[in-house]
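Student: Below is the sequence, then the predicted model.
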Amino acid sequence: MEAVMGATLLMLGILAWAGGPDPAAAAARTPTTAREEIPGYRIGSEDVLQVSVWSNEAVSRIVPVRPDGKISLPLLNDVQAAGLTPMELRDEVTRRLAEYIPHPEVSVSVNDVKSFKVSVIGAVTKPGRFELKSAATVIDVLAMAEGFTEFASRSRIVVLRSDGTRVERLPFDYDKVASGGGTGQANFYLRPSDIVVVP
């Protein structure tokens, strides 16, 4: 009996040393106060938008954002949508419609988010590209990738973020964040097209 208990305790000790907190559990435990503000959503290609003009059904439309980032609306033809917030697009549509309709009242909403895609590559169980429907942190996405492989360097994770002209490298120490002891290290929110690299 003592031999069995000893072997069990040894195995538990090995698992605690080798495994550490898994991403799914860490995501559930990470407090909201440790995260940065959710960035304002910006429209992207493939999103589906509802553009409504008060008392004007002929102009109101449910439209997809084309690969070139534009939408097509009656009277206005092409309107740039990608890169704008829904409120910024509303203001642009309102401004251009005012040339044809007196005092137009416009609302813009995102019916279906399809442009929010991030990638996880490297030493994870399920690398790939993930389509998100809501804001997600680094740990949330690592959980979607089903955690780390045996030899992952969890303290040397890097998030690659491009603004179209340059690529920013954002270091992420998973062990510090998951343990709650990371001074100056937060479980930050990802942005569309971010790439999480686990060496």
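Tutor: That came through fine.

Student: Around Val141, count how many other residues there are.
Tutor: 21 (other Cβ atoms under 10 Å). (Each C-beta comes from the backbone N, C-alpha and C, glycine too.)

Student: Hmm, Val198 and it touching each other?
Tutor: No. With contact defined as Cβ atoms under 8 Å, Val141 does not count as touching Val198 (10.6 Å).

Student: between these two, what contacts are shared?
Tutor: Val120 (Cβ atoms under 8 Å, 6 or more residues apart in numbering).

Student: Between the two ends of stretch 101-117, how far is it?
Tutor: Using Cα to Cα, to the nearest Å, the gap from the first to the last residue of stretch 101-117 comes to 37 Å.

Student: ditto for stretch 61-80
Tutor: The first and final residues of stretch 61-80 sit 15 Å from each other (Cα to Cα).

Student: Check what contacts it and list those residues.
Tutor: Here stretch 61-80 makes contact (Cβ under 8 Å, 6+ apart) with 43-51, 58-59, 81-83, 89, 92-93, 96-97, 100-101, 111, 115.

Student: who does the closest residue to Gly128 other than its chain neighbours bridge with?
Tutor: Spatial nearest neighbour of Gly128, chain neighbours left out: Val120 (6.7 Å); criterion: Cβ to Cβ, 6 or more residues apart in numbering. With DSSP bridges as the criterion, Val120 is bridged to Gly128, Val196.

Student: what pLDDT does Val120 get?
Tutor: Listed pLDDT for Val120 reads 98.

Student: Now do the contacts for it.
Tutor: Taking Cβ under 8 Å, 6+ apart, we find Val120 in contact with Lys126, Pro127, Gly128, Phe130, Val141, Leu142, Met144, Ala145, Ile195, Val196, Val198.

Student: re earlier: selecting buried members of the contacts of stretch 61-80 in ChimeraX, what would you type?
Tutor: Burial among these is assessed by 16 or more other Cβ atoms under 10 Å; the matching ChimeraX selection reads:
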select :43,44,45,46,47,48,49,51,59,81,82,89,92,93,96,97,101,115
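
Student: For the particular helix or strand that has Arg161 in it, which strands pair with it and how are they oriented?
Tutor: Counting by DSSP states H and E, the element that carries Arg161 is strand 157-162. In the sheet, strand 157-162 lines up against strand 167-172 (antiparallel), strand 195-198 (antiparallel) (DSSP bridges).

Student: Next secondary structure after the host helix or strand of Glu88?
Tutor: If you go by DSSP H and E, Glu88 is part of helix 86-97. Note on helix 86-97: by DSSP H and E, the next helix or strand toward the C-terminus is strand 106-112.

Student: Report the buried residues of that next one.
Tutor: Across strand 106-112, burial judged by 16+ other Cβ under 10 Å covers Val106, Val108, Val110.

Student: Would you agree the second one is in contact with Val48?
Tutor: So that's Val108. No. Val108 lies out of contact with Val48 (Cβ under 8 Å); the separation is 11.7 Å.

Student: Give me the below-cutoff pLDDT ranges for the chain.
Tutor: The chain contains residues with pLDDT under 70 at 1-39, 181-185.

Student: run the last query once more with 90
Tutor: When residues are selected by pLDDT under 90, those of the chain lie in 1-42, 113-115, 133-135, 162-165, 178-186, 192.
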